[in-house]
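Enquirer: let's see this in three dimensions:
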Amino acid sequence: MFFIWYDIPASSNPIAIFTKVNLGKIPLTNAELIKALLLNKDNFSADIHKRQTEISVAWDRIEQGLREDSFWYFLNEKEQSGTRIDMLFDLLATEQNNKLPTLIPIKQNYFSFLVFSTVLNSAPKKEDFVKLLWDKVEKLYAEFRDWYTDLNKYHIIGYLISSGVELAEIFVLTRGKRKSNVMKALLKKAKLVTGNYDLHNISYEISNDRKKIRKLLLLFNIATLVCKSEKQYRFPFDIYKGETGDKVKWDIEHIHATADETDEADDSLGNLTLLDAQTNRSYQNKPFIEKRKIIIERESKGLFVPLCTKNIYLKVYSKDISDMDNWVNDDKEDYIGAMEHILESFFDRGFEE
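Expert: Below is the predicted model of the structure:
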């Protein structure tokens, strides 16, 4: 393993650092500038090579972990514009920026680098600042790994992030609290995010209901994994968010097609599920039995089909399975009943410890 040591002089003007080390070259990324800033030999009073190596090895380990899409898209809605490790530095820089006499604009290029270089230049002991900052990076990454490893936290926090909740809000719910209290706080937040709903009186036909329907269908899949025996599996947020492979997009699918024969359109929740857009738009208004064949075939090829969508086409929620070829009113009622039961278990009973 080879390391490049950066000998960057302290400067009252952080941009001068960038200009000096990179004049005439491809611009360095924000993360590269921060790495250079931290590994500067002038920051260490003893064991310089040892400290530089320790940080470099740990840096590479964290970067490798963040390159795992399952982990990354659990925490994020999209790809990082720079290096993925920038996510950690951006969070810590925002916190540090609030303590500066003069705030650095968050939208400023190289925001986190500018924050840390400003603090480092004014630090009485640069070695202490570097140690403190790197300890915070390691702890933040370990905190995210804890969320990811604990499947209960993984699923509920993943749902919250997918619903637009910021990481800073989740920190408030999780830090400095007992595990049981953390889970209660996360559930309470999830209930608030989901909002009030009546599963029997919600319709895709009403534009204001569509966002809520998508949340409910996502939550139904996640809550099923948490509350049932399937809880050992992870919901693949990387696939759901459409940022891997072929840029998967998700539709709210009508189980019994609205154009089937002469039937009237049914936009009620009992006739809706999540399905990737490619599958949904390829089979269009095919009858229920044909859709089942396509769903099973796609999953057999290793393509992701949400658990609850698969359950629908296998009639898992239906009490009467004498007619496996159609999705009728009784099936819709049984489906809604199953959703009510799962969501009630999820919110009211909470997670099993």
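Enquirer: where do the helices sit along the stretch 201-350 of the chain?
Expert: Secondary structure of the stretch 201-350 of the chain by DSSP state H, counting those that start in this stretch: the helices cover 207-227, 237-240, 277-283, 288-300, 307-313, 329-344.
Enquirer: and the shortest one, what other elements does it pack with?
Expert: Put plainly, it is helix 237-240. Identification of packing neighbours for helix 237-240 by 3 or more CB pairs under 8 Å, 6 or more residues apart in numbering; DSSP states H and E yields helix 69-75, helix 151-162. For glycine as for every other residue, the C-beta is placed from the backbone atoms N, C-alpha and C.
Enquirer: got it, and the first one?
Expert: Contacting helix 207-227 under the criterion 3+ CB pairs under 8 Å, 6+ apart are the following elements: helix 151-162, helix 179-194, strand 250-254, strand 272-276, helix 307-313, helix 329-344.
Enquirer: got a list of contacts for it?
Expert: 151-152, 155-156, 158-159, 162-163, 190, 193-195, 197, 199, 202-204, 230-231, 233-235, 240, 250, 252, 269, 272-274, 306-309, 339, 342-343, 345-346, 349, 351 (CB atoms under 8 Å, 6 or more residues apart in numbering).
Enquirer: from what I can see residue 239 touches residue 303, true?
Expert: No - with contact defined as CB atoms under 8 Å, residue 239 does not reach residue 303; the gap is 9.2 Å.
Enquirer: the two: who's more crowded?
Expert: Higher neighbour count among residue 239 and residue 303: residue 239, with 19 against 16, using other CB atoms under 10 Å.
Enquirer: residue ranges with poor pLDDT in this protein?
Expert: For the chain, applying pLDDT under 70 flags the ranges 1-26, 229-231, 243-248, 258-263, 349-353.
Enquirer: would you mind giving the domain segments of it?
Expert: Per the record, the chain has its domains at 14-149, 198-349, by automatic domain parsing.
Enquirer: just put the ones you listed in TSV and tack on distance to residue 180.
Expert: As requested, these are exported to TSV (distance: least, CB to CB, whole Å):
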stretch	distance to residue 180
domain 14-149	15
domain 198-349	13
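Enquirer: just the helices and strands packed on helix 237-240: most buried one?
Expert: Most buried of the helices and strands packed on helix 237-240 by mean neighbour count (mean count of other CB atoms under 10 Å) is helix 151-162; its value is a mean of 22.
Enquirer: what are the buried residues along the longest helix anywhere in the chain?
Expert: Using DSSP state H to define each element, the chain has its longest helix at helix 126-149. By 16 or more other CB atoms under 10 Å, the buried positions in helix 126-149 come out as 126, 129-131, 133-134, 136-138, 140-141, 144, 147-148.
Enquirer: that's all I had, so thanks and see you.
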